[in-house]
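*Asks:* have a look; sequence and predicted model below, questions after that.
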Amino acid sequence: MTEISRTVSTALQSLRQREQTSRLAAEISDVSKEVTTGLKANPYDDLGHRSADAIAIRMQITRNDGFLTSNALLDRRFLAVETSLGAMRDVGQEVLEQAFTTDSAGALSTTFLSQSARTALDRVLERAAVSDSSGFLMSGTRTDTNPLQAWDEINPRTGESPAIAVDHMIGGPLTGMADVQRAIDDLKAGFGDSSVFFNHNFENSFYNGAPSGNPPLTSRTSETQTLTQTAQANDPAIRDLIRGLAMLSAVNPSDIPDEAARDAWLNEARSAIGAGLEGLTDLETQTGLKRAQLADTIAAQESRALFLDAEVMNLEGVDQYDAATRLTQLQNQLDSSFAITARLSRLSFLNYL
């Protein structure tokens, strides 16, 4: 009886084998993960007091990856704006070249010029509406608003469309130099937001984005750096371009009977378009320089990502060959444990009678 009481029951031995099997299975799962990833399965348990360093590095990786993601999106935005500015410049250049080769007294040639200017206006407005998932890119901080009013569409703030506002500023048929000079002055005042008439000012009838004086759209590109998107549809360059195109679109120069007045109107339109093209070139160049600056920042962050990944491997990495060896050993132990458990499950008191 004493010998029987000292023996371990097969039920208890079977339970212990099951616990060992479960432990081995968990260890195999962890080591399998290490073989696959090259990283410790439970790094903070294994690193002890150095786990704080690993956590700090992981936080830096998260911040750095966040900047890389947002900067890639910002680069695409700058590229879209740069491309749109270039397209506006091309549109204006086509009309300007036609304006310099047009005979101001030739009704047919000036009619074609007016039609080209009207088409160019729509293309400029379309290019100013460049957008992405974040909204319109040339509206300043009002990214939910198309920056420029459609030329023939009534603006609810004024009850006038841009086309009507231009017609009102021109003020009817232009017959002589006095009429032409008055219309030119009124257009300059309107597009410069200095007109005494509310409906005639650019930021009331023509522009719907964030007004002049508002902070530009700004993005943080790193812990220490921000970049601003300063190219907006109310920029003086775009105002000048639209003003010149509007002059040619609204008034056919050949309809002005006085030759000097006709030439003055055409010269002012050319001058406005030329100033707009020069300003657009500057905006395009500035945007390109910001893209280059952003590219340098992204390159530095990509290098930092590689460095941080290496630091993680130094702390959390494992020898995958050693991990594979341990995995084989654990699998062999598990196979043995399964065999013993199976054998115990088949034992019975009857085997010893």
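*Replies:* Structure's in. What do you need? Numbers count the residues shown, from 1 in each chain.
*Asks:* please count neighbours and contacts with C-alpha atoms only from this point.
*Replies:* Will do.
*Asks:* which SS class is residue 306?
*Replies:* Look at residue 306: counting by DSSP: H, G, I helix; E, B strand; the rest coil, its state is helix.
*Asks:* distance of it from residue 53?
*Replies:* Distance, residue 306 to residue 53, using Cα to Cα, to the nearest Å: 17 Å.
*Asks:* now residue 198
*Replies:* Distance, residue 198 to residue 53, by Cα to Cα: 62 Å.
*Asks:* rewinding a little: neighbour-wise, which of residue 306 and residue 53 wins?
*Replies:* Between residue 306 and residue 53, residue 53 has the larger neighbour count (other Cα atoms under 10 Å), namely 15 against 12.
*Asks:* list the buried residues for stretch 114-122?
*Replies:* Residues 114-118, 120-121 are the ones in stretch 114-122 that count as buried (16 or more other Cα atoms under 10 Å).
*Asks:* any idea how far that stretch is from the middle of the chain?
*Replies:* In terms of Cα atoms, centre = their mean, to the nearest Å, the centre of stretch 114-122 is found 30 Å from the chain centre.
*Asks:* same check, this time on stretch 179-195
*Replies:* With Cα atoms, centre = their mean, you get 37 Å for stretch 179-195.
*Asks:* just stretch 131-150 next, same as before
*Replies:* Centre to centre, stretch against its chain (Cα atoms, centre = their mean), the figure for stretch 131-150 is 13 Å.
*Asks:* buried stuff in that stretch?
*Replies:* Residues of stretch 131-150 classed as buried: 131, 135-143, 145-150 (neighbour count, 16+ other Cα under 10 Å).
*Asks:* of all the residues you listed, which two lie farthest apart?
*Replies:* Across the buried residues of stretch 131-150, no pair lies farther apart than 141 and 150, at 20.0 Å, counting by Cα to Cα.
*Asks:* other SSEs contacting the helix or strand containing residue 184?
*Replies:* For residue 184, the element it lies in under DSSP states H and E is helix 177-191. Here helix 177-191 touches helix 162-170, helix 236-250, helix 259-316, going by 3 or more Cα pairs under 8 Å, 6 or more residues apart in numbering; DSSP states H and E.
*Asks:* ok, back up a step: looking at the buried residues of stretch 131-150, which are in helices?
*Replies:* Judged by DSSP state H, helices contain none of the buried residues of stretch 131-150.
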